[in-house]
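Visitor: here is my input, please return the structure:
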Amino acid sequence: MTVDIETQELNVVTGAFGYTGKYITQRLLSIGKRVRTLTGHPNRPNPFGNQISVAPFHFDNPAELTRALQGATTLYNTYWVRFPYGQVTYDNAVAHTKTLINAAKEAGLRRIVHISITNASEASPFPYFRGKGVLEKAIIRSNISYAIIRPTVIFGHEDILINNIAWFLTKFPVFAIPGDGNYQLQPVFVEDVAGIAVNAGQSNDNIIIDAVGPEIFTYEELIRLIADRVQSKAKIMHLRPEMALFLSKFIGYMVKDVVLTRDEVEGLIANLLVSKNPPTGKTRLSDWLSQHADTIGIHYASELNRHYR
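Guide: Numbers count the residues shown, from 1 in each chain. Down below sits the predicted model:
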């Protein structure tokens, strides 16, 4: 039996050419949804071919952004910035997302599924977490049905953090841990995040879900686990956070990228990447690393190349 494509429910995903957005798109297509993506890189190769339609963000033209959302039932929003760069700031990202929320309301969307972060808060001293908290409140106040998904550190194919830790461990004789390394994080598999998001999109309930994996590590345990899986001989040492940031900036010049940010270090040390709630993801990072040890860390993954160049 063939399905008339015009009768399929249309969902909009921001960033389907990126990381989390790509897996959300795959999951939606697998359950028979139509997908349109909004992207800041409309001319990049489309990994989905003619399976999805593409529109630019149009943050500077709210009417055009509203038109791009019309006819859809649900918006899956992954748009955010990992760090300020050039003209891109957290404040701009917050303003752009508020424009997107307003456009979704004008277009009559039924539901927003928003990818946030664990422990987001308007009162956070860290700009990354504070911006996420401001947007959570804006979504809650929008009067649109919502699901807010709060992942921790996302791992999987194409991830940056785990891949680059493996790369550093195999390319350098030493690896520096900021501080004592006893702070915790709870990595979650990207396909688990996509499944949690898409399942939440089928509901009508207003919900906030921590998307977290089944394993909790101290940062040092995580580094030593990755080192073991990739058979690294690097010496693992501890540096004061300020020195670790300075070293990461120096290495950043070498690889022409932003390796680590102050917000990331301070958020880690403050234990903001771990949840007090039961795990919602099923995939264990330790198992995944064992299965993919021969492919992670082969090449450095550049954040600037992926999003800014």
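Visitor: so which helix or strand takes in the residue lying closest to Gln26 once chain neighbours are set aside?
Guide: In this structure, Gln26 finds its nearest non-sequential neighbour in Ala194, 7.0 Å apart by Cβ to Cβ, 6 or more residues apart in numbering. Every C-beta, even on glycine, is put in place using the N, C-alpha and C of the backbone. Take DSSP states H and E as the rule and Ala194 turns out to sit in helix 190-201.
Visitor: that helix: which residues count as buried?
Guide: Along helix 190-201, these residues count as buried under the neighbour rule (16 or more other Cβ atoms under 10 Å): Val190, Glu191, Asp192, Val193, Ala194, Gly195, Ile196, Ala197, Val198, Asn199, Ala200, Gly201.
Visitor: packing partners of that helix?
Guide: With contacts defined as 3 or more Cβ pairs under 8 Å, 6 or more residues apart in numbering; DSSP states H and E, the secondary structure elements packing on helix 190-201 are helix 20-30, strand 74-77, strand 111-115, strand 145-151, strand 154-155, strand 207-211.
Visitor: what's in contact with it?
Guide: Contacts to helix 190-201, defined as Cβ atoms under 8 Å, 6 or more residues apart in numbering, come from residues 11, 19-20, 23-24, 26-28, 31, 74, 76, 111, 113, 115, 147, 149, 151, 154-159, 207, 209, 211, 213, 280-283.
Visitor: do the same with stretch 119-133
Guide: Contact partners of stretch 119-133, identified using Cβ under 8 Å, 6+ apart, comprise 80, 82-83, 90-91, 93-94, 116-117, 134-137, 150, 261, 263-264, 266-267, 270, 272-273.
Visitor: which helix is the longest one in the chain?
Guide: When the chain is parsed with DSSP state H, its longest helix is helix 90-106.
Visitor: show me the domain layout of this protein.
Guide: 5-154+187-211, 155-185+215-307 (automatic domain parsing).
Visitor: any chance of those domains in CSV, with mean pLDDT too?
Guide: Conversion of these to CSV gives the following (pLDDT from 0 to 100):
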stretch, mean pLDDT
domain 5-154+187-211, 95
domain 155-185+215-307, 96
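Visitor: let's see stretch 229-243 as CSV, backbone CA atoms only.
Guide: C-alpha atoms of stretch 229-243 as CSV (Å, rounded to 0.1, in the frame of the first residue of the first chain):
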residue,chain,number,x,y,z
ARG,A,229,39.5,1.4,25.1
VAL,A,230,41.8,3.1,22.6
GLN,A,231,44.9,1.7,24.3
SER,A,232,46.4,5.1,25.0
LYS,A,233,49.8,5.3,26.7
ALA,A,234,49.3,9.0,27.6
LYS,A,235,50.1,10.1,31.1
ILE,A,236,47.0,11.4,32.8
MET,A,237,47.8,14.4,35.0
HIS,A,238,45.8,17.1,36.9
LEU,A,239,46.1,20.8,36.4
ARG,A,240,44.3,23.7,38.0
PRO,A,241,41.3,24.6,35.9
GLU,A,242,42.8,27.9,34.8
MET,A,243,45.9,26.1,33.6
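Visitor: sketch out the strands for the stretch 201-309 of the chain, chain order is fine.
Guide: 207-211, 217-218, 235-239 (DSSP state E, counting those that start in this stretch).
Visitor: so which of those strands comes closest to Asn163?
Guide: Asn163 lies closest to strand 217-218 among the strands of the stretch 201-309 of the chain, at 16.7 Å (Cβ to Cβ).
Visitor: what strands line up against that closest one, and which way round?
Guide: Sheet partners assigned to strand 217-218 using DSSP bridges are listed as strand 184-185 (antiparallel).
Visitor: so how far is the partner strand from its chain's centroid?
Guide: Between the centre of strand 184-185 and the centre of its host chain there is 17 Å, according to Cα atoms, centre = their mean, to the nearest Å.
Visitor: can you tell me the SS state at the residue nearest to Arg44 when sequence neighbours are not counted?
Guide: In space, not counting the residues next to it along the chain, Arg44 is nearest to Phe17; the distance is 5.4 Å by Cβ to Cβ, 6+ apart. Using DSSP: H, G, I helix; E, B strand; the rest coil, the structure places Phe17 in coil.
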